[in-house]
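J.: Task: produce atomic coordinates for the following.
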Amino acid sequence: MTFRWAHAALVTTAWLTSVCVPACSEQSPTPEVDSTPSLEADLLRAKQHLDRGRLDTALEVVERAVAAAPKHAQALLLWGSILEKIGSPHRSRDAFERALALDDLGESQRLFALTRLTYLCLSPVNVLDLEKAGEYLSAAREAGLPEREAVRLEAMRLECLDQRDDAIATYRRAIEVDPEGVLPRRGLAALLIRSRRTEEARSLLREALDRQFREPASLWLLRVSHDVDGTEPSLESRYRLPERSPTGPTPAFRLTDVGPAMGVNRLDGGRASAWGDFDGDGDLDLATVGSYRPNALFRNDGERFVDVAREVGFAPPGDGWGCLAADIDNDGDLDLLVTRSGWFGDERNLLYLNDGEGHFEEVGERAGLNQKRSSLGAAWADYDLDGDLDLYVANGVGAASDQGSINSLYRNDGTGRFVEVAAELGVADARKSIGTAWGDIDGDGDPDLVVANLGDGCRLYRNDDGRFTDVTAEAQVRASAASYVPFFFDMDADGDLDLFVTSFSSFVTFASSVQPGSEVNDAERLYLYRNDGKGRFQDVTRRAGLARAFGAMGANWGDLDNDGFPEIYLGNGGPFLERLEPNALFHNRGDGTFQEETRRVGGGHIGKGHGVTFADFDRDGDLDIYAPLGGAYRGDQWENALYRNDGGEAAGHSITIACRGSQTNRFGIGVQLRAFVGERVLYREIEGGAAFGSSNPAMAHFGLGIADHIDRLEVLWPAGGTRQVVEDLPADHYIVITEGEALLASRPHDRVR
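T.: Numbering: from 1, shown residues only. Here you go, the predicted structure:
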């Protein structure tokens, strides 16, 4: 299967059963061009290429036919089907609507076009138009759509609209109409699981499995039904999904969801999150954005968080996708960027300036961030080493043309205005980008750039004195075309940045991959690349135990057990309602391998994961996790989770380091820190965002294991190129290092081990 976008793998088999256009046997002569042997030959060739999976070639051939005969029904329907399959929903919709406008469209051709348009308008990305889906569905029923399909589609539509009782009743009607059907049973079971009616769901799933033996998605949902109500399954083998089991001792941490107790368990569409001390009182506050509610800014009051977004000027609007904290004007306080629109069109991004007292003014248009694009991920860095922060934004996944719009690189001119320079500097990527991150991959002191693209894998750009060179092939980086999030981290404690890239798999592939010994194809697995220290990478995913399939829409990293080796946390799921997939935690075992430990340590919230962030919100020396959760539909909302790390005495020592620049930007984004701890060299860079357009605090967290101090810390300040060395730093402290000053600010963590 060719992956041209993230959700090509999402579309269920039932949605594409007619993709080869059975109605194409009907001929519809056109006023402009008669059906000629040449045209018929082109359409036959396109159909043959489609059957063989040669989607690009099929598209090229059929577009030639459409150009020659723009009102030929067979050509338009085949064109729309190919466009739908390669992930061009807007163009596909246009092709089918053009076919519907033909006076001489055949009856079966009309039914086919209406059915495909119903599915397209139900799709949770790009096209999503539930009102229009209802209109097309009604017309399709009148045109002869089989009742079993019509009722199931109506149940799905009602579920998307969050009309649960009506959806449940309609699903039951679908089962009556199609008593042997697996899809209506599975759809209803997933809805009942979300409604905590797990016994009813289990009965339906057993019925589905009796009709389709060992069907992976039904087996998985049966397992999830027990997870939801906290019971252990006691199932016959025919209903049991074999799963990988972790080996060895349980890691020295436990994740406990304290979101409700701390007041941050929002229902907001679960998009992005950003941590920072926005009011200057010494603790970490939390900003979040979502699709269905206004922005939130949670002030940390110690015992609880309080949403003060409206009173501080951060509340509107409710269509945010990315959220990043950074001091963009170098005045010593944290500002906020919100990227907007995501999958659903073009909007201007918003920039909120902090007045120093925790109040915000939106200045995006005045600052030059006035381009309207479909923005998702973004990240800050000082790419030209002039002391202020520049911004890269991933655009284009929701562009109405389906082609993607060009990513933006905004250079900060030092006066609070930004100038777009992406094309000039070689990073005007137009491959439907979602995620991006900065990091110095070759050790030359300036930040390089990685971009995760849905349509054409990820791209790695080397910074060559402020201009960029695409070194993807040279660096030996190749990743799935269905990627959401990339990030850099030193996974093996060897002093350089390695690269992790998520992939997005189908639900069936995910459900199959949880079984021991399962193999995942390269298009749907995760990717982990080990850096050789010179900016060349080796794919070590299989060796590391990470060649797994997930619906990974979010991801981040952090050293949860303070042993010096960072863990990976995935925010999982997928837009389709029946995809109930928990987030996943991979423990770094320190030997180059990772083991999934979600069931043993917690953190496996079922929902639709996105902008995961790591932060020590309670200042006790270990990292906690904020996990926004929520789907594209109003009927698929989940409470965001805040996982407190309850490592206790079993975890290692740690040091948290913040950097304050003078020539370098004030919060030290891009500062490189090497901690020498015995024989090990731990490497961190202060990040300016990653992980589905989110940002961790602008600090470096070092897990030290049993060591009670850092022998030597080397700090490279990027703007001036100054290297600062600090000796003998004590463990279990929060330390502030100021550029060019020997005096350190230090306080102990709230819990000293």
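J.: Grab the nearest non-local neighbour of Phe305.
T.: Nearest non-adjacent residue to Phe305, counting by CB to CB, 6 or more residues apart in numbering: Phe298, 3.7 Å away. All C-beta atoms are positioned from the backbone trio N, CA, C, and that covers glycine.
J.: ditto for Arg223
T.: Leaving aside its sequence neighbours, Arg223 sits nearest to Leu241 (CB to CB, 6+ apart; 5.3 Å).
J.: What is the neighbour count of the one you found?
T.: 19 (other CB atoms under 10 Å).
J.: Same check on Gly282?
T.: Residues near Gly282, counting by other CB under 10 Å, number 10.
J.: Next up, identify which helix or strand it is on.
T.: Secondary structure assignment for Gly282, by DSSP states H and E: no helix or strand.
J.: any idea of the mean pLDDT in the helix or strand containing Tyr410?
T.: Using DSSP H and E, Tyr410 sits within strand 408-412. Strand 408-412 shows a mean pLDDT of 97.
J.: who's in contact with it?
T.: 328, 368-369, 371, 373, 375, 383-384, 388-393, 395, 418-422, 425, 427-428 (CB atoms under 8 Å, 6 or more residues apart in numbering).
J.: ok, 6 Å please
T.: Applying CB atoms under 6 Å, 6 or more residues apart in numbering, the contact partners of strand 408-412 are Asp388, Leu389, Asp390, Leu391, Tyr392, Val393, Phe418, Val419, Glu420, Val421, Ala422, Val427.
J.: again with stretch 218-227
T.: The contact list for stretch 218-227 (CB under 6 Å, 6+ apart) reads 186, 189-190, 193, 198, 201-202, 205, 208-209, 233, 239, 241, 511, 580.
J.: list the contacts for the residue positioned nearest the centre of the chain?
T.: Central residue of the chain (CA atoms, centre = their mean): Met553, 2.6 Å from the mean position. Neighbouring residues of Met553 by CB under 6 Å, 6+ apart: Tyr484, Gly571, His610.
J.: Tell me the one of those nearest Arg462?
T.: When the contacts of Met553 are compared for distance to Arg462 (CB to CB), Tyr484 wins out at 22.8 Å.
J.: And that closest one, how far from Ala475?
T.: Computed as CB to CB, to the nearest Å, the Tyr484 to Ala475 distance reads 20 Å.
J.: what about these two, which has more around it?
T.: Neighbours per residue, other CB under 10 Å: of Tyr484 and Ala475, the larger number sits with Tyr484, 29 against 23.
J.: so Ala731 touches Ile706, yeah?
T.: No: with contact defined as CB atoms under 6 Å, Ala731 does not reach Ile706; the gap is 9.7 Å.
J.: Compare the two (neighbour count), which wins?
T.: A count of neighbours by other CB under 10 Å puts Ala731 above the other of Ala731 and Ile706, at 24 against 12.
J.: Quick check: bridge partners of Thr613?
T.: Legend: beta-bridge partners of Thr613 under DSSP bridges are Tyr626.
J.: Hmm, it is touching Ser273, no?
T.: Yes: using CB under 6 Å, Thr613 makes contact with Ser273 at a distance of 4.8 Å.
J.: Need the overlap of contacts for those two.
T.: With contacts taken as CB under 6 Å, 6+ apart, the residues that reach both Thr613 and Ser273 are Tyr626, Ser694.
J.: if you count what's nearby, which of those two comes out ahead?
T.: Applying other CB under 10 Å to Thr613 and Ser273 shows that Ser273 carries more neighbours, namely 35 against 30.
J.: Assumed that one was part of a strand.
T.: Yes: Ser273 forms part of a strand when assessed by DSSP: H, G, I helix; E, B strand; the rest coil.
J.: Enumerate every residue touching it.
T.: Thr288, Gly611, Thr613, Tyr626, Pro628, Ser694.
J.: Please list only the buried members of the residues you listed.
T.: Neighbour-count burial (16 or more other CB atoms under 10 Å) is assigned, among the contacts of Ser273, to Thr288, Gly611, Thr613, Tyr626, Pro628, Ser694.
J.: Just send the residues you listed back as a markdown table, with pLDDT and distance to Glu154 too.
T.: Converted to a markdown table, those look like this (pLDDT from 0 to 100; distance: CB to CB, whole Å):
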| residue | pLDDT | distance to Glu154 |
| --- | --- | --- |
| Thr288 | 96 | 34 |
| Gly611 | 95 | 33 |
| Thr613 | 98 | 39 |
| Tyr626 | 98 | 37 |
| Pro628 | 96 | 31 |
| Ser694 | 97 | 37 |
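J.: Closest one to Arg164 out of these, please.
T.: The shortest approach to Arg164 among the buried ones among the contacts of Ser273 belongs to Pro628, at 22.6 Å (CB to CB).
J.: which residue ranges form the helices in the stretch 501-650 of the chain?
T.: Ranges of helices in the stretch 501-650 of the chain, per DSSP state H, counting those that start in this stretch, are 507-513, 541-544, 598-601.
J.: Phe360: which of the ones you listed is closest?
T.: Comparison of the helices of the stretch 501-650 of the chain against Phe360 by CB to CB identifies helix 598-601 as nearest, at 36.4 Å.
J.: How far does the closest one sit from its chain's centre?
T.: 22 Å (CA atoms, centre = their mean, to the nearest Å).
J.: Which residues outside that helix are in contact with it?
T.: Residues outside helix 598-601 that contact it (CB under 6 Å, 6+ apart) are Thr250, Pro251, Arg254, Leu255, Ala584, Leu585, Gly604.
J.: follow-up on the earlier one: and the buried ones among the contacts of Ser273, which is closest to Pro70?
T.: Nearest to Pro70 among the buried ones among the contacts of Ser273: Gly611, at 43.4 Å, using CB to CB.
J.: wait, that closest one sits on Trp275?
T.: No: with contact defined as CB under 6 Å, Gly611 does not count as touching Trp275 (11.1 Å).
J.: Not counting sequence-adjacent ones, nearest residue to Tyr437?
T.: Small correction: residue 437 is Ala, not Tyr. Ala437's closest residue in space is Ala690 (CB to CB, 6+ apart), at 4.1 Å.
J.: again with Val306
T.: Arg299 (5.1 Å).
J.: just for the chain, where's the confidence low?
T.: Scanning the chain for pLDDT under 70 picks out 1-36, 126, 398-404, 455, 479-481, 648, 752-753.
J.: Please repeat the previous calculation with a cut-off of 50.
T.: Scanning the chain with the threshold set as pLDDT under 50 gives 1-35.
J.: Pro718 against Gly668, yeah?
T.: No: using CB under 6 Å, Pro718 makes no contact with Gly668, being 8.9 Å away.
J.: Between those two, which has more neighbouring residues?
T.: Neighbour tally, Pro718 and Gly668, criterion other CB under 10 Å: the higher count belongs to Gly668, 29 against 26.
J.: Please list only the buried members of the contacts of helix 598-601.
T.: Using 16+ other CB under 10 Å, the buried ones in the contacts of helix 598-601 are Pro251, Arg254, Leu255, Ala584, Leu585, Gly604.
J.: how about those residues, which pair is most distant?
T.: Across the buried ones among the contacts of helix 598-601, the longest distance by CB to CB is 15.9 Å; it joins Arg254 and Ala584.
J.: what's near enough to touch the closest residue in space to Gly554 that isn't next to it in sequence?
T.: What sits nearest to Gly554 in space, not counting adjacent residues and going by CB to CB, 6+ apart, is Gly571, at 2.8 Å. Gly571 makes contact with Met553, Gly554, Asn583, Gly609, His610, Val612, according to CB under 6 Å, 6+ apart.
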